[in-house]
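Chemist: Build the 3D model from these lines:
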Amino acid sequence: MSDPIRVGLIRCDLHGAYYAPLMEKHDPFKLQMPVPWGEPSRDYWQHGGAHFYFYTQFNDPTEMMVETVDGFELVKVWDDQDRRSAEVLSDVFYGKPQVCDSLEQVSDDVDLVFIADCNGDGSDHLELATPGLEKGVPTFVDKPMAFTLADVKAILQLAEKNNTPVTSISIVRALPAAALFARRLPEVGVLEFGTVQGGGDHLAGHIHGISLALHVFGNGVKSVRCMGDTPLHTIHLDYGGQPDRPRCGVTINSNVGSVWHCALHASAYGANGAIHSPALSDFEFPFGAAEILKIVRDMVHTRQTPDITWDMVEGIAIAEAARKAQETGQAVEVL
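Modeler: Predicted structure coming up:
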């Protein structure tokens, strides 16, 4: 396909303003300060939050220092809370994207619906995805795919019913730096135990920690335990004795206090010692976002749901089981 993929963007939060500049030409000075300093802003990006990690060349604020992905055209934007946010984002792209008046309008005459979500728990994602999927428009649902496994299944069933591909991927699941660390696991010999640190105390961050654990240590979690005073504070993943997984499982410590530029860390322990990842932070995340856009581009062209989607499905199942485990104090099987 030589024609660009026409994108309808739902929700103009930090993630909407984060993914869009990686796939479409924009005004770097508008992205640097979309809302003049001193004026009220709804989100971090409106005072430069999306520009900061893309334009790191200190003496040239117009030179983008991260990977971009071609083949997209941002044609529509809509925000569920604040029309002004959609107007501001459209201005970053020279006013070309149409500011929509309704959710249903976003999925008309587009090739891809892109649902962005930086800080939400996914509880509205089924509602946001439904109009586009019913029209047969390929859809990307930002992490988490949904808050409950029931909603995840409903999204997948809706996509299947309309013969339409859909995916949802955490940035850390597609992060090249995490893949490089995973390749180092043989250094510890027989893998006994793993840890992931970071993500915060909301599902928007929990899913990153869970996705990082699956990326580095593998799929197939059988059961979980959970404890702590904040939601999903400490989660233990049990692989049920599978020979190619950590024998003593993986512990995710979500609430670790203040971290450097939203960094997550992973560690692996075995008979030959331990290895520790570098900080997987905002300076690496753009490259994970670019990998996601490549996957989404292929999904639109092939009209096939990518296999990586099932990692998100397992991640939501783990989070749901962990909530029950924290409530009951018992190990809970991952469905």
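Chemist: Where does P21 fall, secondary structure wise?
Modeler: helix 16-23 (DSSP states H and E).
Chemist: wait, A321
Modeler: Here A321 is assigned to helix 309-328, by DSSP H and E.
Chemist: Off-centre distance for the next helix or strand after that helix?
Modeler: Going down the chain from helix 309-328, the next helix or strand is strand 332-333, by DSSP H and E. Centroid displacement of strand 332-333 relative to its chain, using C-alpha atoms, centre = their mean, to the nearest Å, is 25 Å.
Chemist: now do stretch 131-142
Modeler: For stretch 131-142, the distance to the chain centre is 17 Å (C-alpha atoms, centre = their mean).
Chemist: Flag every buried residue along it.
Modeler: Of all the residues in stretch 131-142, those buried under the rule 16 or more other C-beta atoms under 10 Å are P131, G132, L133, K135, V137, P138, T139, F140, V141, D142. Using the backbone N, CA and C atoms, a C-beta is placed for each residue, glycine as well.
Chemist: just these now: which is nearest G16?
Modeler: Ranked by distance to G16 (C-beta to C-beta), the buried residues of stretch 131-142 are led by D142 at 8.7 Å.
Chemist: what's near enough to touch the closest one?
Modeler: R11, H15, I115, A116, D117, C118, H125, S168 (C-beta atoms under 8 Å, 6 or more residues apart in numbering).
Chemist: which non-adjacent residue is nearest the residue positioned nearest the centre of the chain?
Modeler: The centroid of the chain falls nearest to S170 when counting by C-alpha atoms, centre = their mean (3.0 Å). Distances taken as C-beta to C-beta, 6 or more residues apart in numbering put S211 closest to S170, at 3.6 Å, once the chain neighbours are dropped.
Chemist: Okay, the residue nearest to the centre of the chain and V137: tell me how far apart.
Modeler: Distance from S170 to V137, counting by C-beta to C-beta, to the nearest Å: 22 Å.
Chemist: Could you do A274 as well?
Modeler: Taking C-beta to C-beta, one finds A274 at 46 Å from V137.
Chemist: hey, where'd the strands end up in this structure?
Modeler: Listed in chain order, the strands of the chain (DSSP state E) span residues 5-10, 72-78, 98-99, 112-115, 139-141, 166-167, 191-197, 223-227, 234-238, 250-253, 265-270, 273-276, 332-333.
Chemist: Quick one, which of the ones you listed gets closest to L175.
Modeler: strand 265-270 (10.7 Å).
Chemist: which other helices and strands contact that closest one?
Modeler: Helices and strands touching strand 265-270, as assessed by 3 or more C-beta pairs under 8 Å, 6 or more residues apart in numbering; DSSP states H and E, comprise strand 191-197, helix 203-217, strand 273-276.
Chemist: So what touches that strand?
Modeler: By C-beta under 8 Å, 6+ apart, strand 265-270 touches 178, 181, 184-185, 188-198, 212-213, 216-217, 246, 274-277, 279-280.
Chemist: now swap in stretch 313-332 and tell me
Modeler: Counting by C-beta under 8 Å, 6+ apart, 122, 144-149, 152, 156, 170, 203, 206-207, 210-211, 214, 219, 221, 223-228, 231-233, 235, 237-238, 333-335 sit against stretch 313-332.
Chemist: Same question for stretch 225-245.
Modeler: 191, 201-203, 206, 209-210, 213, 217-218, 220-224, 246-247, 249-255, 318-319, 322-323, 325-326, 329-332.
Chemist: Would you mind checking the average pLDDT for that stretch?
Modeler: Averaging pLDDT along stretch 225-245 yields 96.
Chemist: The residue nearest to S170: what's it in contact with?
Modeler: K143, S170, V172, R173, D311, M312, G315.
Chemist: One more pass at 10 Å, please.
Modeler: S211 is in contact with 143-144, 169-175, 178, 196, 199, 264, 311-312, 314-315, 318, counting by C-beta atoms under 10 Å, 6 or more residues apart in numbering.
Chemist: distance of it from D91?
Modeler: In this view, S211 and D91 are 33 Å apart by C-beta to C-beta.
Chemist: where are the low-confidence patches of the protein?
Modeler: Within the chain, the stretches with pLDDT under 70 are 1.
Chemist: repeat that for 80
Modeler: Low-confidence segments of the chain (pLDDT under 80): 1-2.
Chemist: rewinding a little: then the helix holding A321 to CSV, C-alphas only?
Modeler: C-alpha atoms of helix 309-328 as CSV (Å, rounded to 0.1, in the frame of the first residue of the first chain):
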residue,chain,number,x,y,z
THR,A,309,-1.8,-8.9,21.3
TRP,A,310,-2.1,-12.0,23.4
ASP,A,311,0.6,-10.7,25.8
MET,A,312,-1.7,-7.9,26.7
VAL,A,313,-4.6,-10.3,27.2
GLU,A,314,-2.4,-12.3,29.6
GLY,A,315,-1.3,-9.1,31.3
ILE,A,316,-5.0,-8.1,32.0
ALA,A,317,-5.7,-11.6,33.3
ILE,A,318,-2.7,-11.3,35.6
ALA,A,319,-3.8,-7.9,36.9
GLU,A,320,-7.4,-9.2,37.5
ALA,A,321,-6.1,-12.2,39.3
ALA,A,322,-3.7,-10.0,41.4
ARG,A,323,-6.6,-7.8,42.5
LYS,A,324,-8.5,-10.8,43.7
ALA,A,325,-5.3,-12.2,45.4
GLN,A,326,-4.7,-8.9,47.2
GLU,A,327,-8.3,-8.9,48.4
THR,A,328,-8.3,-12.5,49.6
